[in-house]
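# Sequence and computational prediction follow.
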Amino acid sequence: MSFVAAIQMASGPNVGANLLEVERLIAQAAAEGANLVVLPENFALMGEKDDALLSIVEEEGEGPLQSFLAQQAARYKLWLVGGTVPLRASETGKVRAACLLFDASGRRVARYDKLHLFDVSLPGGGERYCESLTIEPGREVVVADTPFGKIGLAVCYDLRFPELFRCLVEQGMEILALPSAFTALTGRAHWEPLVRARAIENLCYVVAAGQGGFHASGRTTHGDSMIVDPWGVVLARLPRGSGVITAELDPERLRSTRRNFPTIEHRRLSCKLSS
């Protein structure tokens, strides 16, 4: 058995203040027995403008945010899914939204760059987003071996593309870590159905850690971080505000669910990642 935690927060434009809050919440998760912790997307900075991430971009393998995550994992002796960190992209003026996984010694063991970018106009409220102006999409799906099972990594808008998760399952995914920052509007309409659907159709645990609250840009994020089991049962959730939720991951429950209800084996079609 193992315990997983999802951290929810409402990050602002002050990186130092955000990191203090992250450290407080990781310490709380560790005190509650978590040995795997998932942070939300953009945990270090939710700026007033979309290009604010360019101000804290880091090189691959070095930088204060990557060091901070490694130190937290090692200090509390837990595995840490570090939300997203802006890493240098190949295209000038853009970053990669990199989800980094650290083991309990603080060693980075996996990196996933967000594949799907949120370029949308929301109905009714006049909200528009264009992540592709500042973010370069990734190209690879990532599943990592851990003591808790095989963890697949995805970020926020990825949640809407079920073929990604079929690719992850083909690589053995048993637990999905999903850092997010869903908007209030889309979250109310789609967040819970999508999170639970990804758990049900892939017969996996889902640990969805979100931003939840008001931000300096005027944006409101949905929150409602949740941990869902392979049958789609919500084991824990936090509707609003900063905090920690925890739940037990039972590998035997996952195995028995897949054995007795073998929908993954019954697939007649396969998906391939496009280049």
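Good, I have the coordinates.
# hey, let's count contacts and neighbours off CA atoms from now on
Will do.
# Show me the strands in the stretch 51-200 of the chain, by range?
Using DSSP state E, counting those that start in this stretch, the strands of the stretch 51-200 of the chain run over 79-81, 85-88, 95-102, 108-113, 119-121, 128-130, 143-146, 149-153, 175-180.
# Please work out the average pLDDT along the second one.
If I follow you right, that is strand 85-88. Strand 85-88 carries an average pLDDT of 98.
# Now tell me what touches that strand from outside.
With C-alpha atoms under 8 Å, 6 or more residues apart in numbering as the test, strand 85-88 has contacts from 42, 44, 53-54, 56-60, 65-66, 94-100.
# Name the nearest residue to the residue nearest the centre of the chain, ignoring sequence neighbours.
What sits nearest the mean C-alpha location of the chain, by C-alpha atoms, centre = their mean, is Pro179, with 1.7 Å. Leaving aside its chain neighbours, Pro179 sits nearest to Pro40 (4.3 Å; criterion: C-alpha to C-alpha, 6 or more residues apart in numbering).
# Report pLDDT for the one you found.
98.
# go on, Arg219?
Taking Arg219 on its own, its pLDDT is 88.
# what's the neighbour count on the residue lying closest to it once chain neighbours are set aside?
Nearest non-adjacent residue to Arg219, counting by C-alpha to C-alpha, 6+ apart: Thr183, 7.5 Å away. For Thr183, the number of neighbouring residues by other C-alpha atoms under 10 Å comes to 20.
# got a list of what Thr183 touches?
By C-alpha under 8 Å, 6+ apart, the contact set of Thr183 is Arg219, Thr220, Thr221, His222.
# and the helix or strand of the chain with the lowest mean pLDDT, which strands flank it?
The weakest-scoring helix or strand in the chain, judged by mean pLDDT, DSSP states H and E, is strand 128-130 (a mean of 91). Paired with strand 128-130 in the same sheet, following DSSP bridges, are strand 119-121 (antiparallel).
# mean confidence for the strand it pairs with?
Averaged across strand 119-121, the pLDDT comes to 93.
# Flag the shaky bits of the protein, pLDDT-wise.
The chain contains residues with pLDDT under 70 at 1, 125, 271-275.
# Helices along that one, start to end?
For the chain, the helices defined by DSSP state H cover 15-31, 64-76, 162-170, 184-186, 192-202, 251-260.
# For Glu48, find the nearest of those.
Ranking the helices of the chain by their distance to Glu48 (criterion: C-alpha to C-alpha) puts helix 15-31 first, at 12.6 Å.
# contacting residues for Leu153?
Cys99, Tyr112, Val141, Val142, Val143, Leu176, Ala177, Leu178.
# closest to Trp231 among those?
With C-alpha to C-alpha as the yardstick, the closest approach to Trp231 among these comes from Leu176, at 13.8 Å.
# The residue nearest to Pro179: neighbour count?
By other C-alpha under 10 Å, 32 other residues sit near Pro40.
# Test my guess that it contacts Cys156.
No. Between Pro40 and Cys156 there is no contact under C-alpha atoms under 8 Å: 9.1 Å.
# any common contacting residues for those two?
Taking C-alpha under 8 Å, 6+ apart as the contact rule, Pro40 and Cys156 both touch Leu178, Pro179, Ser180, Ala181.
# could the strands of the stretch 51-200 of the chain go into CSV alongside distance to Thr246?
Formatted as CSV, these follow (distance: least, C-alpha to C-alpha, whole Å):
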stretch, distance to Thr246
strand 79-81, 14
strand 85-88, 23
strand 95-102, 18
strand 108-113, 23
strand 119-121, 32
strand 128-130, 32
strand 143-146, 18
strand 149-153, 17
strand 175-180, 13
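# rewinding a little: would JSON lines of the contacts of Thr183 with neighbour count be doable?
Output for the contacts of Thr183, formatted as JSON lines (neighbours: other C-alpha atoms under 10 Å):
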{"residue": "Arg219", "neighbour count": "14"}
{"residue": "Thr220", "neighbour count": "18"}
{"residue": "Thr221", "neighbour count": "24"}
{"residue": "His222", "neighbour count": "25"}
